[in-house]
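Mind looking at a prediction? Sequence and model below.
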Amino acid sequence: MKHILALFCILAIPATAQQYKIAVVSMIHAHVWLHLGTMLKGDKVKLVGVAETLPELLERAGRIDVIPQTNNVTRPGVPANLIYPDWKKMIDETKPDIVWAFTETNRHLDVVEYCAPRGIHVMVEKPLAASYKDALAIQRLARKHNIQVLTNYGSTWSASTYAVKAAVDSGAIGKVFRLHATVGHNGPGDPAKSSFAAWLADPVKNGAGALVDFGCYSVLWSLWLEGRPESVYATSLHIKPQMFPKVEDHATILLNYKNATAIFEASWDLPPRAPSGNELFGTGGSILAGRRIELRTFGARPASGGRGMPEPEEIKVAPLPPERSDPINYMVDRLTNKQPVEGLSALDLNVEVNEVLEAAKESVKTGKAIRLPAK
């Protein structure tokens, strides 16, 4: 009878009690420092290994660290017994459920090629791949071996992203005909002094420069809202060629839809506190999403009376549920509930992002608009 009761209790444990094992492949992508503390905390996942060989990255991983971008949360150092010099050996020995690749972008395919046949789910930092060819290969592997592949963008976990889409979907500004965004900063650092900047400024390892690094955010946003465009036109600038001799540090991407246009700037040259944000113009009004989300409609009262600028209405932003608040929570929720990764993290959508980025790079080379779908 005791055995029957014990078995019943085990079966009664909810699926959410399962703790998934996660391993990190490389720390060359600086976004790792934003998430390492969560993995070490172990609420949702158990960190079973970190593969890295660069001394400066191992030193930082092993020490107590404070991350300004996470509200100065202090994280403990990674225990020495979790460090592996060989990422494939780490995977074979620890047998994780999830591998998070903080590698150079052109190594994402290598990680998926190794993990997919072993049934290991993969998370990668944006964009999905360094080329459209690699993105398609990742898609084929994921489908063949029935694994989840999540592409992580920081903006995916921002509640304001979904508040904007909800307003658009509700018809608040009518039919959208123009999208615009400027995304970037003053550069990732000096490639001669930073291992992170060195691979970002490599046209093979990153796929391009600012065009890929920041252009991918806006392309993802546009595809999510409007779908695949009919053609892509892009230009690039080399404003700091002495620092970035191999890649562009500023790019403009124009997506042409049947009844809409998207204009995106991706830059490593923005001055401090440069105005940025996403703009949408529709037949019935506009949305400006910056530090707050402002909605203006033609029917609103002008701020100064007469034909003045309509008084903006601030769109309230509701908090996201816990399972959509960060990439680890979301991946665990998907696996626990046996549901596919969807929305901004979805594999198919991110393959299309790579398709558009590839077309943009081709446009820069040829000076011509590139028709989609890509051949």
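Done, it's in.

which residues of the stretch 251-375 of the chain fall in helices?
327-336, 347-366 (DSSP state H, counting those that start in this stretch).

Let me know which of the ones you listed is the nearest to Asp213.
Nearest of the helices of the stretch 251-375 of the chain to Asp213, taken as C-beta to C-beta: helix 347-366 at 10.4 Å. Glycine gets a C-beta too; all of them are placed from N, C-alpha and C.

Determine the set of other helices and strands touching the closest one.
helix 132-145, strand 149-152, helix 210-213, helix 215-226, strand 231-237, strand 250-256, strand 370-371 (3 or more C-beta pairs under 8 Å, 6 or more residues apart in numbering; DSSP states H and E).

Keeping just the C-alphas, turn that helix into CSV.
C-alpha atoms of helix 347-366 as CSV (Å, rounded to 0.1, in the frame of the first residue of the first chain):
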residue,chain,number,x,y,z
LEU,A,347,12.1,29.3,-35.9
ASP,A,348,10.3,29.9,-39.2
LEU,A,349,9.9,33.7,-38.6
ASN,A,350,13.6,33.9,-37.8
VAL,A,351,14.5,32.0,-40.9
GLU,A,352,12.6,34.8,-42.8
VAL,A,353,14.6,37.4,-40.9
ASN,A,354,17.8,35.9,-42.3
GLU,A,355,16.2,35.8,-45.8
VAL,A,356,15.6,39.6,-45.6
LEU,A,357,19.1,40.3,-44.2
GLU,A,358,20.7,38.2,-47.0
ALA,A,359,18.7,40.3,-49.5
ALA,A,360,19.8,43.5,-47.8
LYS,A,361,23.5,42.4,-48.1
GLU,A,362,23.0,41.5,-51.7
SER,A,363,21.4,44.9,-52.4
VAL,A,364,24.4,46.7,-50.8
LYS,A,365,26.7,44.8,-53.2
THR,A,366,24.6,45.3,-56.3
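
just the helices and strands packed on helix 347-366: most buried one?
Highest mean neighbour count of those: helix 210-213, a mean of 28 (counted as mean count of other C-beta atoms under 10 Å).

give me phi/psi at Pro319?
Per-residue torsions, Pro319: phi -60, psi 150 (degrees, to the nearest 10).

Tell me which residues touch the residue nearest to it when sequence neighbours are not counted, please.
Among residues not flanking Pro319 along the chain, Ala159 sits closest, at 5.7 Å (C-beta to C-beta, 6 or more residues apart in numbering). Applying C-beta atoms under 8 Å, 6 or more residues apart in numbering to Ala159 gives the contacts Val317, Ala318, Pro319, Leu320.

For Pro76, see how far away the first one is.
Going back to what we said before, that points to Val317. For Val317, the distance to Pro76 (C-beta to C-beta, to the nearest Å) stands at 32 Å.

Compare neighbour counts for the two and give me the winner.
Legend: neighbour count by other C-beta atoms under 10 Å for Val317 and Pro76, higher for Val317 (17 against 13).

Relative to Ala346, how far out is the residue sitting nearest the centre point of the chain?
Centroid-nearest residue in the chain, with C-alpha atoms, centre = their mean: Tyr153, separated by 1.8 Å. Tyr153 sits 12 Å away from Ala346, going by C-beta to C-beta.

which residues does the closest residue in space to Leu254 that isn't next to it in sequence contact?
Excluding the flanking residues, the one nearest Leu254 by C-beta to C-beta, 6+ apart is Tyr233, at 4.4 Å. When contacts are counted by C-beta under 8 Å, 6+ apart, Tyr233 touches Ile253, Leu254, Asn256, Ser363, Lys368, Ala369, Ile370.

Kindly report the same for Ser131.
By C-beta under 8 Å, 6+ apart, Ser131 lies in contact with Asn106, Gly207, Asn354, Glu358.

Can you report how many residues lie near the first one?
Spelled out, it's Asn106. For Asn106, the count of nearby residues is 18 (other C-beta under 10 Å).

Next: Pro271.
A count of nearby residues for Pro271, using other C-beta under 10 Å, gives 8.

Distance check, it against Gly187.
Per C-beta to C-beta, Pro271 is found 11 Å from Gly187.

same deal with Tyr330?
Tyr330 sits 30 Å away from Gly187, going by C-beta to C-beta.

thinking again about what came up before, and Ser267, which of the helices of the stretch 251-375 of the chain is closest to it?
Between Ser267 and these, the shortest separation by C-beta to C-beta is 14.4 Å, and it involves helix 347-366.

what's the nearest residue to Trp87 once chain neighbours are set aside in contact with, if anything?
Once flanking residues are discounted, Trp87 sits nearest to Ala51: 3.5 Å by C-beta to C-beta, 6+ apart. Taking C-beta under 8 Å, 6+ apart, we find Ala51 in contact with Ala23, Val24, Val25, Ser26, Ile83, Tyr84, Pro85, Asp86, Trp87, Met90.

What about Ala51? Give its phi and psi, please.
phi -100, psi 120.

quick one on the thing from earlier: among the helices and strands packed on helix 347-366, which is nearest Ser170?
Nearest to Ser170, of these and by C-beta to C-beta, is helix 215-226 at 13.1 Å.
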